[in-house]
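Enquirer: Whatever this is, show me its structure:
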Amino acid sequence: MKNIQEIPNLKELILGIWKQLKKERKNELFVFLLVTAASALGEIVSLASILPFLGALTNPESLFKIQILDTIFSIFGIVESRQILQPITYLFCISVIITAMFRLLNIWLKVKISASIGTDLSCEAYRRTLYQPYSVHMKRNSSKVISVTTTQINETITGLNLILQLGTSIVISLSILITLITINWRIALICGLTFSFIYLLLAKYVQRKLKTNSRIISRGYKGQQKALQEGLAAIREVLLDGTQSTYLRIYEKEDYPMRQKQAINSFIATFPRFLLESVGLFLLAIISLALVKNTNKELLIIPTIGTMALGAQKLLPALQQIYNSWAGVKGMSSSIYGVLKMLEQEINIQNTYKSIKPFVLKSGIQFRNVSFSYGNDSKKYDIRDLNLTINKGQVIGIIGKTGSGKSTFVDLLMGLLKPTKGEILIDENNLYNEKNYKTLSSWRSAISHVPQEIYLSDNSIEENIAFGENLSQISRIKVKKAAKFAQIESFIENLPEKYATYVGERGIRMSGGQRQRIAIARAIYKNSKILVLDEATSALDTKTEREVMSSINQVSKNLTLIIIAHRKSTILNCDRILHIENGKIIKDGTPKEVINQI
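Expert: Numbers count the residues shown, from 1 in each chain. So this is what the prediction gives:
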């Protein structure tokens with residue numbers, strides 16, 4: 001895709017959206033096109049019926065001098081002028097009503113289809129984001145993702161409305177112009193060419209400004225999200241340090257230019273209407289004067305002027321809608337482009353396979369010459385030439401300094417990161433076997449992971465323990481059993497609302513130790529046979545930690561446990577200790593063999 005400085009033109013944006021549409025939406029757009037054509041036909045009929053209607057009101061005898069009307073009158077047996085007014089009035093009223101009905105149907109379909117497409121695009125953008133590899137998520141700014149999937153999607157929906165409005169207005173304008181040309185081609189061409197020339201001149205003049213403003217608005221949305229996330233996520237520190245004004249200034253710095261550019265874009269999109277109304281009235285006055293002075297009095301001068309005036313009244317708003325829609329889409333082009341880029345994210349089929357059941361480990365996990373680098377520099381591996389076997393049911397402790405590669409090793413083991421070199425075998429099965437996509441997904445679902453930085457959703461304790469399950473499917477018995485093993489049951493039972501107690505955003509109403517125990521209960525609820533604890537008990541006191549670890553060891557005899565810890569007491573009962581430094585295992589042995597030598 002192109003650089004952000006090279007936002008695609010309107011045609012490329014429309015084609016980009018079209019490629020992302022479901023077949024169902026394309027069919028709906030085809031129906032919309034038919035209704036638009038019917039609306040245009042209705043405009044032709046209603047406009048064409050004005051001429052005989054005004055003629056019947058002012059000079060009914062003159063209508064017999066128009067050959068096509070005289071032929072129609074003869075077919076229906078109309079021979080006198082007094083017989084004309086009533087049927088022509090009915091015909092005019094019916095055409096107006098039918099035209100209005102089609103226009104309303106057109107508007108209803110437009111907003112309905114735009115909303116449906118918006119849901120499709122938003123869900124697909126989020127889906128393609130969720131199914132990206134973990135390595136992609138590590139490099140990504142969450143505020144950018146949130147901005148695209150919320151604000152920029154909303155702008156894209158508005159843009160879709162404008163694109164559909166643009167198409168409708170073009171068809172309507174052409175139908176009105178063709179009808180006016182049929183009535184009086186000279187007047188129609190003068191008005192049509194004058195209006196079109198002015199709009200095209202304005203469009204050429206403002207398009208660069210609209211595109212520039214669009215980029216500033218898009219950056220403003222992302223900056224807003226970033227400022228909000230940073231200020232609210234660190235609210236404790238903000239309150240302690242009294243730095244509210246600092247974060248407010250950061251927010252204002254992003255917000256002010258964005259609002260100003262939105263205002264300018266809005267002005268650019270609407271101001272031509274008032275200019276063209278004056279030009280239209282001026283032209284109408286000049287043309288009317290010319291008709292009166294130079295036209296044979298026997299012709300329908302007043303009906304012709306009235307028809308042209310009404311035609312111009314219809315044509316001018318339609319042309320304004322074309323310009324307004326074009327300017328609006330141009331002003332939102334950066335947001336639409338951002339959404340398209342997210343929709344074009346490639347997804348590896350291995351990341352979308354939903355396992356039927358978790359992998360059942362029979363023998364063990366093996367690392368063969370595994371190396372990994374977050375970047376492209378092969379000389380700077382975070383994990384280097386790792387050869388290791390972990391047998392089923394072993395309790396493995398991992399120690400090492402910060403930045404030594406412990407978490408990277410665990411991410412590789414869990415199948416979140418793919419080795420840059422080497423293989424990871426699960427019961428002799430290559431974890432990244434391209435011929436069997438089920439292996440990776442099945443392996444991931446077999447693991448429960450408790451990180452040091454616990455994420456709790458703004459829901460009840462019960463929903464956080466049974467994380468990811470629908471409320472109606474949660475097993476209360478399993479929840480209570482997991483809480484008991486995690487040594488948090490008594491705390492929950494003493495709360496007024498017990499398991500229905502809300503924990504607050506990111507668990508802000510819970511202490512660090514309580515959050516960790518809820519996370520451990522979550523892992524136990526999952527009933528996984530492979531449990532990874534990454535500094536998961538660091539916020540617990542020694543007694544509680546000992547009780548938690550004792551409970552975990554009782555969960556299953558077949559549990560394979562991986563523990564990253566800094567406390568020696570956490571890993572004293574492990575079968576093996578791996579000491580990792582600079583991405584390599586420098587010691588591998590019993591707790592006594594490894595810990596005593598540190």
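
Enquirer: Excluding covalently adjacent residues, which one is nearest to residue 483?
Expert: residue 489 (4.4 Å; CB to CB, 6 or more residues apart in numbering). Any C-beta I mention is one placed from the backbone N, CA and C, and that applies to glycine too.

Enquirer: thinking that neighbour is in contact with residue 482, fair?
Expert: No - taking contacts as CB atoms under 8 Å, residue 489 lies outside contact range of residue 482: 9.0 Å.

Enquirer: between the two, who's got more neighbours?
Expert: Set residue 489 next to residue 482 and count neighbours by other CB atoms under 10 Å: residue 482 wins out with 25 against 18.

Enquirer: Contacts only, for the more buried one.
Expert: 465, 521-522, 524-525 (CB atoms under 8 Å, 6 or more residues apart in numbering).

Enquirer: Taking these together, which two end up most distant?
Expert: Pairwise distances among the contacts of residue 482 were taken by CB to CB; the largest, 8.6 Å, belongs to 465 and 524.

Enquirer: More neighbours: those two, which one.
Expert: The neighbour comparison of residue 465 against residue 524 (other CB under 10 Å) goes to residue 465, with 29 against 25.

Enquirer: Give me the pLDDT for the more buried one.
Expert: We have a pLDDT of 87 for residue 465.

Enquirer: Equivalent analysis for residue 1, please.
Expert: 41.

Enquirer: In this protein, spot the helix with the most residues.
Expert: In the chain, taking DSSP state H as the definition, the longest helix is helix 185-233.

Enquirer: Can you show me the strands along the stretch 251-400 of the chain?
Expert: Counting by DSSP state E, counting those that start in this stretch, the stretch 251-400 of the chain has strands at residues 364-372, 383-391, 395-399.

Enquirer: The first one pairs with which strands?
Expert: Here strand 364-372 is paired, per DSSP bridges, with strand 383-391 (antiparallel), strand 421-426 (antiparallel).

Enquirer: tell me the angle of it relative to strand 395-399?
Expert: 20 degrees (axes from the mean of the first three to the mean of the last three CA atoms, to 10 degrees).

Enquirer: how much space between the closest residue to residue 581 other than its chain neighbours and residue 42?
Expert: Distances taken as CB to CB, 6+ apart place residue 404 nearest to residue 581, at 5.1 Å, with adjacent residues excluded. Relative to residue 42, residue 404 is positioned 74 Å away (CB to CB, to the nearest Å).

Enquirer: Compare those two (neighbour count), which wins?
Expert: Set side by side, residue 404 and residue 42 show more neighbours around residue 42, with 22 against 19, by other CB under 10 Å.

Enquirer: My guess is residue 383 contacts residue 412. True?
Expert: Yes - look at residue 383 against residue 412 with CB under 8 Å: they come within range, at 6.6 Å.

Enquirer: got any residues that touch both of those two?
Expert: In the contact map built from CB under 8 Å, 6+ apart, the residues linked to both residue 383 and residue 412 are 370, 372, 419.

Enquirer: pLDDT at the residue nearest to residue 483, what is it?
Expert: At residue 489, the model reports a pLDDT of 87.

Enquirer: measure the residue nearest to residue 227 when sequence neighbours are not counted to residue 519 for me?
Expert: Spatial nearest neighbour of residue 227, excluding adjacent residues (CB to CB, 6+ apart): residue 251 at 4.2 Å. Residue 251 is 32 Å from residue 519, where distance means CB to CB.

Enquirer: between those two, which one's more packed in?
Expert: Set side by side, residue 251 and residue 519 show more neighbours around residue 519, with 26 against 17, by other CB under 10 Å.

Enquirer: export the helix or strand harbouring that one as CSV, just CAs?
Expert: For residue 519, the host element (DSSP states H and E) is helix 512-525. Backbone C-alpha positions of helix 512-525 (Å, rounded to 0.1, in the frame of the first residue of the first chain) are rendered in CSV as follows:
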residue,chain,number,x,y,z
GLY,A,512,-2.1,-6.5,43.4
GLY,A,513,-2.2,-9.7,45.3
GLN,A,514,-6.0,-10.1,44.8
ARG,A,515,-5.6,-9.5,41.1
GLN,A,516,-2.9,-12.2,40.9
ARG,A,517,-5.0,-14.7,42.8
ILE,A,518,-8.0,-14.0,40.5
ALA,A,519,-5.6,-14.6,37.5
ILE,A,520,-4.4,-17.9,39.1
ALA,A,521,-8.0,-18.9,39.7
ARG,A,522,-8.7,-18.1,36.0
ALA,A,523,-5.8,-20.5,35.0
ILE,A,524,-7.1,-23.3,37.2
TYR,A,525,-10.7,-22.8,36.0
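
Enquirer: Okay, buried residues for it please.
Expert: 513-525 (16 or more other CB atoms under 10 Å).

Enquirer: From those residues, pick the one nearest residue 271.
Expert: The shortest gap between residue 271 and any of the buried residues of helix 512-525 belongs to residue 515, at 55.3 Å (CB to CB).

Enquirer: Was I right to think the closest one contacts residue 453?
Expert: No - in this structure residue 515 lies outside contact range of residue 453 using CB under 8 Å: 9.5 Å.
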